[in-house]
Structures are given as structure tokens and as C-alpha cells.
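Undergrad: can you look at this prediction? I've put the sequence above it.
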Amino acid sequence: MNNHSCAAIIVTCIDFRFQEYINNWIAKSFQPKTFDRVAFAGGVKSLDIILGQIEISHRLHHIKKVILINHEDCGAYGETGTPQRHAEDLKNAATSLKQQYPDIAVETYYLHLDGIFEQIS
């Protein structure tokens, strides 16, 4: 197997309403443009599954950054999907990742229905 790497993994929800915003944001904001991409209903809501995908990306592609994007009005969250809940889940995911991979940078975002990316820290 060839040794190949990329800069990051980007984790998003599957919701079609946000894909154009995400694609435009990646094209404008993310350099270099080498990344793995995971789309899973609810984004980081199913953290164990997401962590498994990140582990694979880290092991196979030697990523140096993880970008996590949750969004407003997420059907996977339903009524529990408040901005506060998303921020809490994103922060918890970032904490878990930093403990497991101290050498990897983690960025977290909450994407609004109007396409505005709010960085969560």
C-alpha cells in the first residue's frame, strides 16, 4: 500500500441544505485542499462512530487537523438540537480528540441556516 497523507478530516452532517455552504467554505477557507470528508447524520451526535472514522483517517492519512461542523435545525437532534446542545457536543468532541491525539488541531463550527459559520471554542 502506498503511503499518502492529507492535511485534515472534515466531519459534517448529511443534510443536503448545507452542502453548498460547506463546499463554498472549504473552497474559500481551507488550505491546503487535501482532506478526508465524513458526512454522518447529526455530525458529532454519534461521537463513537465519528471517532472511529477519525482514527482511520489519522492512521491511514496522517491528518494534522480535524474540522467538526454541526448545523442549525438538525433532524438527527430533533427538538434537543438547541444551539447550546450543539456547542456542548462540539466542545466534548474536541476535548475527546485532544486527549486522544494531542498533536492534532481541532476546529469546531456551528453552521446557521443562512450559511454563517460560527466558530465554537
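TA: On my side now, so go ahead.
Undergrad: which strand or helix spans the residue nearest the centre of the chain?
TA: Nearest to the geometric centre of the chain sits Leu68, at 1.9 Å (CA atoms, centre = their mean). Taking DSSP states H and E as the criterion, Leu68 maps to strand 65-71.
Undergrad: go ahead and name everything in contact with that strand.
TA: Contact partners of strand 65-71, identified using CB atoms under 8 Å, 6 or more residues apart in numbering, comprise 7-13, 15, 18, 22, 30, 35, 42-45, 50, 54, 86, 89-90, 93-94, 97, 101, 104-113, 117. (C-beta placed from N, C-alpha, C; glycine too.)
Undergrad: burial of the residue lying closest to Ile22 once chain neighbours are set aside, as a residue count?
TA: Closest residue to Ile22 apart from its sequence neighbours, by CB to CB, 6 or more residues apart in numbering: Thr12 at 5.6 Å. Residues lying near Thr12 (other CB atoms under 10 Å) number 23.
Undergrad: for Thr12, give me its contacts.
TA: Phe18, Ile22, Arg37, Val38, Ala39, Gly43, Ile69, His71.
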